[in-house]
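*Asks:* I would like to see how this sequence folds:
(chains A and B)
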Amino acid sequence: MRATSIHATLTRHFLRRFLENDLISPEADRSQLLAVVGAALFSVTLLISLFMSFAYIGLPRTPSQLALSALNDRYFYISLSMVVSALLAVAQWDSLVVDVRDAAILEPLPVRPMTIRRAKLAAVAILGGAAALIVNLMPALVFPWLLVYHTRLSVTAMLALMAIHAIVTIAAGAIAYVTIIALRETLAAVLRPRTLAAVSPLVQGSLIVALGSALLLIPPSSDRIAQRVLSDAHVWSPPMWFLGAYEVMAGDIVRHAPRSPALGPRALAAEPSAGQAYDRRKPQFDALARRAATASWLVILVAAAAYSWNARRFPSAGLVQSRRRARWHAGRRLVQMLIARGQTIRAGFFFTLAAVWRSNLHRLTLACAGAAGVAAAVVTLSGLDLEGVSGARDVPTGVFAIQPMFYGALLVAFRHGIRVPAELRANWAFQLAWRDRGRPFLAGVRRAALAGIVIPALLVVLPLFAYLLGLPLALAHAALGLAGAAVVLEVLLFSYEKVPFTCTYVPSENLKAFGIPYVVAFLTGASIFAGMERAALQDPLAWLRLVGLLVLITGGLRVASLRRTSGPPVDFDEAPTTTQRLGLHT
Amino acid sequence: MPELRARGLTKHFSGVIAVRNVDFTLRSGEIVGYLGPNGSGKTTTLRMVAGLVDPSSGRVEYDGRNVRDDLIAFRHQLGYVPEEPYLYPFLSGREYLELIGRLREIPDRLLTMKIDGFLELFGLTGAADQAIASYSKGMRQKIVISAALLHDPAVILFDEPESGLDVTTTLVLRHLIRLLAERGKAVLYSSHILEVVERVCSRVIVLYKGGVVADDSVEHLQALMSRSSLEGVFSQLVIKEDPARIASDLAAVAALGS
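*Replies:* Next up is the predicted model:
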């Protein structure tokens, strides 16, 4: 076989491996899945472009007004491209390089290592390029056309606008994608394999939370960009750098476009001031564009250097012999004595913690929920003036809603996660060892959720409330959060009759029907509870009453749950209903 | 002493018969070899005995009762080493054994002693706290064998347990199986390695195309079929084509074009 065909075969193999993850079952038709995902992305970006561009079809505006208002939309598209590309790279974190499995399989073959590495690089580039193209193609066709809909711009100029939009947004996405590769490769070059293995999941999880939050925050942050260009803080935002490049390349095409004859006198009167406002920002655009170029070259250099350094040899499949992992014996003993006393409870407790934090799919689910929580918090805080706040009375109810929304989103994700097996093929071990003690096992799972998800979530928001309320009141607020989370957990697990993280996943039939009411109920509940917390924190007796009430509700729910007649023995390999098997629910 | 009995075990998969009317008895202290070529139904039988697959017809009895009547009670007495050691890759070997031990409600102190003992004797102490994802096949197999023996079961099913094990561990395993039988355990040992079965098992059951074609002691089968080894008996029972001729044809195919 010639080297080029080996390269092509390996590239196809690596591209296929990008789809090999827990999200796709071995029986799934990958071509069909790719077609569905591609079509969905095209449709969503087309709808977004149309929706955002309708404003330009309505009342005609002068070219300078268009140039100013286009800044918001251009910032939006650049941010979207960068965040989606970076998220894709983070999702493929371990597949971005030749991994241990690739090396174990391919190294013994008569293929030059350089061919393997080049094929991997080609596959990574194709994936990133295809994603950037899919996300940006529709906006590149629709947005520039509708932006200049009322002007008398020539076809050539409009085509140039489309090309510039495509080039800038795709370049921004590509740089974001390469930045993630540079980060991963630098970590691999700097850290020892064992340290990298420990650090890598943490970095990946943190990036998912950060980028997921950023994705949700793109719409609110793509506003009043014209004013922000001058702000010192915003010149450090990478999308702003690429906006500068965009304006350098395309700004004058719109700014000096022939006016529409249908412009009203008011628009014509505003034209000089809009033109001056835009022209005043031109030096900033130049500086931002230079920064985009410098940063891009830097990222490419770092990625290339780290990639070349790591490519000196393939990763070893050999086990790293190490000292026994230092365990926190005192902590484990404390957990065993206080939190998980029975053996089945301990099994549930420790297995849940391991599955939630070490299984890729479950970590990803929780990271997405965490991102939604962070985004909600940022949106809530961004519109508030918190200067001079000195007690619970001064803090708006919306701020108190951050805590229940954060742990609530995580617990809802946890409730979904327990239905997904951590490793379906390994459930035979559970079947053999299972003593039909579902309730103690579930008790362990519940305690693990409180200890491993709720308490860390409360600790994350504690500094904010300590700053606003002072430490004693913040701790009282966290205690209310813990009691509230216990209620939420009881409600979520009230009728759960399976073995978490173990039984076959059977999709819920009513999610599409009840999804929106669930979200509305969740937000309303969080808001009402936040109001109750705010009132309770102003009076120690009210705080005690609320804690007592929450404990009572938790106890009541637990008693009601225990009194439910338990169903038949657990079916570990439950088949979906006929409708779901046929895929009619999708 | 309780005994395990398979009665008329049959399993169809989409109309194809995998196991047909299999009957056997496994007594305490007995090591029974379960032999057959690939696809003869050995693993399916063992999975039915373990209660992991429902038989299409027939049943498995332990101590005179259908195990399906109280599968959990039966599994207290059962240890199973499957052919494919699927494990939770994100757990360490120690954590996996702790999980299984806790699900079986083995007291903590005893569990720790057992786990430490198994890990040390199988040479896994250095890797005990590494994720199973990084283990070799042999290391995974050692973890599976340890998990099957943690609760000191009365009946143990081995489905090709030597797979991936090194020579020393294979020898240890053979001695271990004999010792387990001496201590009154009933062992069903499925394997392709006839030499091991001949040395270790007191009786063999030979399966061919889903049905039992022989069930007797090794010596009796050898005498009956006038063969000096179990390999000769096995060849006469289930090998219908000349292996030498097939090997010669395979070598010819490999050499095509060269």
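
*Asks:* switch to C-alpha atoms for all contacts and neighbour counts from now on
*Replies:* Noted.

*Asks:* Surely residue A:79 is in contact with residue A:239?
*Replies:* Yes. At 5.4 Å, residue A:79 and residue A:239 qualify as touching, with contact defined as CA atoms under 8 Å.

*Asks:* Distance-wise, check residue A:88 relative to chain B.
*Replies:* Separation of residue A:88 from chain B (CA to the nearest CA, to the nearest Å) stands at 23 Å.

*Asks:* pretty sure that residue belongs to a helix, no?
*Replies:* Yes. Remark: residue A:88 belongs to a helix, assigned using DSSP: H, G, I helix; E, B strand; the rest coil.

*Asks:* wait, what's in contact with it?
*Replies:* A:128, A:177 (CA atoms under 8 Å, 6 or more residues apart in numbering or on different chains).

*Asks:* mind checking pLDDT for it?
*Replies:* pLDDT for residue A:88: 88.

*Asks:* same check, this time on residue B:225
*Replies:* Residue B:225 is assigned 66 on the pLDDT scale.

*Asks:* ok, the residue nearest the centre of chain A to chain B distance?
*Replies:* Chain A has residue A:212 as the residue nearest its centroid, 2.5 Å off, counting by CA atoms, centre = their mean. Relative to chain B, residue A:212 is positioned 25 Å away (CA to the nearest CA).

*Asks:* sec struct for that residue, please.
*Replies:* Of the three states, residue A:212 takes helix under three-state DSSP.

*Asks:* what does residue B:2 give?
*Replies:* Under three-state DSSP, residue B:2 falls in the coil class.

*Asks:* my guess is it contacts residue B:28, does it?
*Replies:* Yes. Counting by CA under 8 Å, residue B:2 does reach residue B:28; the two are 6.8 Å apart.

*Asks:* wait, what's in contact with residue 62?
*Replies:* Reading this off chain A. A:259-260, A:263, A:267-268, A:271.

*Asks:* sorry, should have said chain B
*Replies:* Applying CA under 8 Å, 6+ apart, the residues near residue B:62 are B:2-5, B:74.

*Asks:* Filter these down to the buried ones, ChimeraX style.
*Replies:* Selection of buried members from the contacts of residue B:62 for ChimeraX, criterion 16 or more other CA atoms under 10 Å in any protein chain shown:
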select /B:3,4,5,74
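
*Asks:* of all the contacts of residue B:62, which comes closest to chain A?
*Replies:* residue B:74 (9.5 Å; CA to the nearest CA).

*Asks:* I'd like to know which elements the strand or helix carrying the closest one is packed against.
*Replies:* Element membership for residue B:74 (DSSP states H and E) is helix B:71-76. Applying 3 or more CA pairs under 8 Å, 6 or more residues apart in numbering or on different chains; DSSP states H and E, one finds that helix B:71-76 makes contact with helix A:427-433.

*Asks:* What residues sit buried inside the helix it packs on?
*Replies:* A:427-433.

*Asks:* what helices or strands is that helix leaning on?
*Replies:* helix B:71-76, helix B:93-103.

*Asks:* Show me where chain B dips below the pLDDT cut-off.
*Replies:* B:225-226 (pLDDT under 70).

*Asks:* didn't residue B:187 look like it was pressed against residue B:153?
*Replies:* No. Applying CA under 8 Å as the test, residue B:187 and residue B:153 come out as separate, 10.1 Å apart.

*Asks:* what's the spacing between residue A:458 and residue A:413?
*Replies:* Applying CA to CA, to the nearest Å, one obtains 16 Å for the distance of residue A:458 from residue A:413.

*Asks:* scratch that, residue B:78
*Replies:* Residue B:78 is 36 Å from residue A:413, by CA to CA.

*Asks:* Of those two, which one has the most company?
*Replies:* Neighbour comparison, residue B:78 and residue A:413: the larger count goes to residue B:78, with 23 against 20 (by other CA atoms under 10 Å in any protein chain shown).

*Asks:* Give me the phi and psi angles of the more buried one.
*Replies:* Per-residue torsions, residue B:78: phi -110, psi 140 (degrees, to the nearest 10).

*Asks:* before we move on, back to that, grab the nearest non-local neighbour of the residue nearest to the centre of chain A.
*Replies:* In this structure, residue A:212 finds its nearest non-sequential neighbour in residue A:371, 5.0 Å apart by CA to CA, 6 or more residues apart in numbering or on different chains.

*Asks:* Which elements pack onto the strand or helix carrying residue A:527?
*Replies:* Taking DSSP H and E as the definition, residue A:527 sits inside helix A:511-536. Helix A:511-536 is packed against helix A:397-400, helix A:402-417, helix A:540-563, with contacts defined by 3+ CA pairs under 8 Å, 6+ apart.

*Asks:* Residue A:461: how many residues sit nearby?
*Replies:* Residue A:461: 18 neighbours (other CA under 10 Å).

*Asks:* How about it, nearest residue that isn't a chain neighbour?
*Replies:* residue A:403 (6.7 Å).

*Asks:* and the gap between the residue of chain A most remote from its centre and chain B?
*Replies:* Farthest-out residue of chain A from its mean C-alpha position, per CA atoms, centre = their mean: residue A:265, at 46.7 Å. Per CA to the nearest CA, residue A:265 is found 69 Å from chain B.

*Asks:* Which helix or strand contains the nearest residue to residue A:106 once chain neighbours are set aside?
*Replies:* Nearest in space to residue A:106, with sequence neighbours left out and distances taken as CA to CA, 6+ apart, is residue A:116 at 7.9 Å. Using DSSP H and E, residue A:116 maps to helix A:113-147.

*Asks:* model confidence over that helix, on average?
*Replies:* For helix A:113-147, mean pLDDT rounds to 88.

*Asks:* Would you mark the buried spots in that helix?
*Replies:* In helix A:113-147, the ones that count as buried by 16+ other CA under 10 Å are A:113, A:115-117, A:119-125, A:127-129, A:131-147.

*Asks:* what's the burial count for residue B:64?
*Replies:* There are 11 residues near residue B:64, going by other CA under 10 Å.

*Asks:* need the contact list for it.
*Replies:* Counting by CA under 8 Å, 6+ apart, residue B:64 has contacts B:2-3.

*Asks:* Return the distance of residue A:462 relative to residue A:534.
*Replies:* Distance from residue A:462 to residue A:534, by CA to CA: 15 Å.

*Asks:* My error: substitute residue A:407 in the last question.
*Replies:* Taken as CA to CA, the span from residue A:407 to residue A:534 is 17 Å.
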